[in-house]
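Visitor: Below is the structure, and that's it, no one-letter string:
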């Protein structure tokens, strides 16, 4: 009977100890929850640049290997340049042809302008001659009228009358000839001026063709430069799944370059946890891969929408039966300068973490 009582006492002590521990732990968790919000739905993030060629072609040489660290400007791989060298030479030839067209058009302008100047001089000269011919015609006409009156009175001979008539008719014909010459010179001047205008427009067209050809040369040079694919940033490569002789398309994603210098954490908190969370609050970060190592961070921003809204098929509660589900909102947490740089370098994008936000 005494043995049974001793056993009951031990059992009660053990149960009491567990109850006490549970109450202490529960109290600690309750008090902790008043000034903290935590979640294990969080991961380390980093910028991942997709390596995409601007031009297509067959890969001639690969200079990097899987998971290699590279610096900005390092050559990753090259694409066969032969096709792009030919295109550059074709563009240069078109540019030379366009420039020669400009020279020809400019030479034509000079020739037509000279013709126009000569025609204008002829018009001016013909105008002066016409004025002189009109004066002569006026004199000849006056002399003819006077001789005509004298011939009617039989004061002069018929020969003198005919000479006055001939002089008048000669003056009239000379005036007509000079007027015709002036008209022809004027037509030639108009034609030369018209040709000059056309040539000037041809020069403008030729100059536009030069600009277009120069743009084609620049584009060909740029495409030739794009055959050498360089690292856009410092970082570490992913698996490099390409090899010489492989054909790649422009815009094709080949592999990734991860920025190892800038890392942060994205934690998905329940919407019911966000009431007291604010930008700038301190965060304790525990990395699953390195237990016992705490990192320090701060909240920098909140996502404008829940994670479900960014999914491929976001939920639409108006299309069927509604079941209320607590949503999660991505929160960006950046590491502070107080962290050990060497330890931060060990972190990799995608690692799971636990975050604890200090609300006060």
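Guide: Great, that's in hand. From a predicted model like this one, the values you see are computed outputs, not experimental measurements.
Visitor: Enumerate every residue touching residue 42.
Guide: Listed by CB atoms under 8 Å, 6 or more residues apart in numbering, the contact partners of residue 42 are 265-268, 333, 352-355. Using the backbone N, CA and C atoms, a C-beta is placed for each residue, glycine as well.
Visitor: Any chance of the backbone angles for it?
Guide: Taking degrees, to the nearest 10, you get phi -150, psi 150 for the backbone angles of residue 42.
Visitor: Just grab the bridge partners of it for me.
Guide: For residue 42, the beta-bridge partners are residue 267, residue 353 (DSSP bridges).
Visitor: per-residue confidence at residue 161?
Guide: In this model, residue 161 is scored at 67, pLDDT.
Visitor: ugh, wrong one, residue 138
Guide: If you check residue 138, the pLDDT there is 74.
Visitor: okay, now it: neighbour count?
Guide: Here the number of neighbours of residue 138 (other CB atoms under 10 Å) works out to 11.
Visitor: contacting residues around it?
Guide: So, once contact is read as CB under 8 Å, 6+ apart, residue 138 ends up touching nothing.
Visitor: Sticking with it, tell me its helix or strand.
Guide: Assigning secondary structure by DSSP states H and E places residue 138 in helix 82-152.
Visitor: Considering the contacts of residue 42, which possesses the most neighbours?
Guide: Each of these was scored by neighbour count (other CB under 10 Å); the top score is that of residue 267, with 27 neighbours.
Visitor: distance of that one from residue 171?
Guide: As judged by CB to CB, to the nearest Å, residue 267 and residue 171 stand 112 Å apart.
Visitor: what does stretch 335-355 contact?
Guide: Taking contacts as CB under 8 Å, 6+ apart, the residues outside stretch 335-355 that touch it are 38-40, 42-46, 48, 258, 260, 263-265, 267, 283-290, 293, 295-298, 333.
Visitor: buried subset of those?
Guide: Neighbour-count burial within the contacts of stretch 335-355 applies to 38-39, 42, 44-46, 258, 260, 263, 265, 267, 283, 285-287, 295, 297-298, 333; the criterion is 16 or more other CB atoms under 10 Å.
Visitor: coming back round to it: nearest to residue 83 among the contacts of residue 42?
Guide: The shortest separation between residue 83 and any of the contacts of residue 42 is 43.5 Å, and it belongs to residue 266 (by CB to CB).
Visitor: quick one: the closest one and residue 45 touch, right?
Guide: Yes: with contacts defined as CB atoms under 8 Å, residue 266 counts as touching residue 45 at a distance of 5.1 Å.
Visitor: quick one, domains of the protein?
Guide: 37-46+260-360, 53-80+232-252, 82-226 (automatic domain parsing).
Visitor: any idea of the mean pLDDT for the first one?
Guide: Within the predicted structure, the mean pLDDT of domain 37-46+260-360 is 91.
Visitor: Equivalent analysis for the second one, please.
Guide: Confidence over domain 53-80+232-252, taken as the mean pLDDT, stands at 94.
Visitor: Let me see the confidence value for residue 4.
Guide: On the pLDDT scale, residue 4 is placed at 50.
Visitor: can you check residue 84 too?
Guide: Per-residue confidence for residue 84 comes out at a pLDDT of 95.
Visitor: Measure how buried it is and give me the count.
Guide: Counted by other CB under 10 Å, the residues lying close to residue 84 total 20.
Visitor: Hmm, residue 58 and it touching each other?
Guide: No: between residue 84 and residue 58 no contact is recorded; they are 11.9 Å apart, counting by CB under 8 Å.
Visitor: just the helices in the protein please.
Guide: With DSSP state H as the criterion, the chain has helices at 2-35, 82-152, 158-226, 341-345.
Visitor: looking at those helices, which has the lowest confidence?
Guide: helix 2-35 - the lowest mean pLDDT of these, at a mean of 69.
Visitor: Chain neighbours aside, what residue packs nearest to residue 94?
Guide: The spatially closest residue to residue 94, leaving aside those adjacent along the chain, is residue 213, at 4.6 Å (CB to CB, 6 or more residues apart in numbering).
Visitor: That neighbour: what's it in contact with?
Guide: 91, 94-95, 97-99.
Visitor: what number of residues lie near residue 88?
Guide: Using other CB under 10 Å, residue 88 has 19 other residues around it.
Visitor: gap between the nearest residue to it once chain neighbours are set aside and residue 331?
Guide: In space, residue 88 comes closest to residue 220 once its chain neighbours are excluded; the distance is 4.0 Å by CB to CB, 6+ apart. For residue 220, the distance to residue 331 under the criterion CB to CB works out to 49 Å.
Visitor: now swap in residue 231 and tell me
Guide: For residue 231, the distance to residue 331 (CB to CB) stands at 31 Å.
Visitor: neighbour count winner among the two?
Guide: Under the neighbour definition other CB under 10 Å, residue 231 and residue 331 were set side by side, and residue 331 has more, 25 against 21.
Visitor: if I pick the nearest residue to the more buried one once chain neighbours are set aside, what's in contact with it?
Guide: In this structure, residue 331 finds its nearest non-sequential neighbour in residue 267, 5.0 Å apart by CB to CB, 6+ apart. By CB under 8 Å, 6+ apart, the contact list for residue 267 reads 39, 41-42, 330-331, 333, 353, 355.
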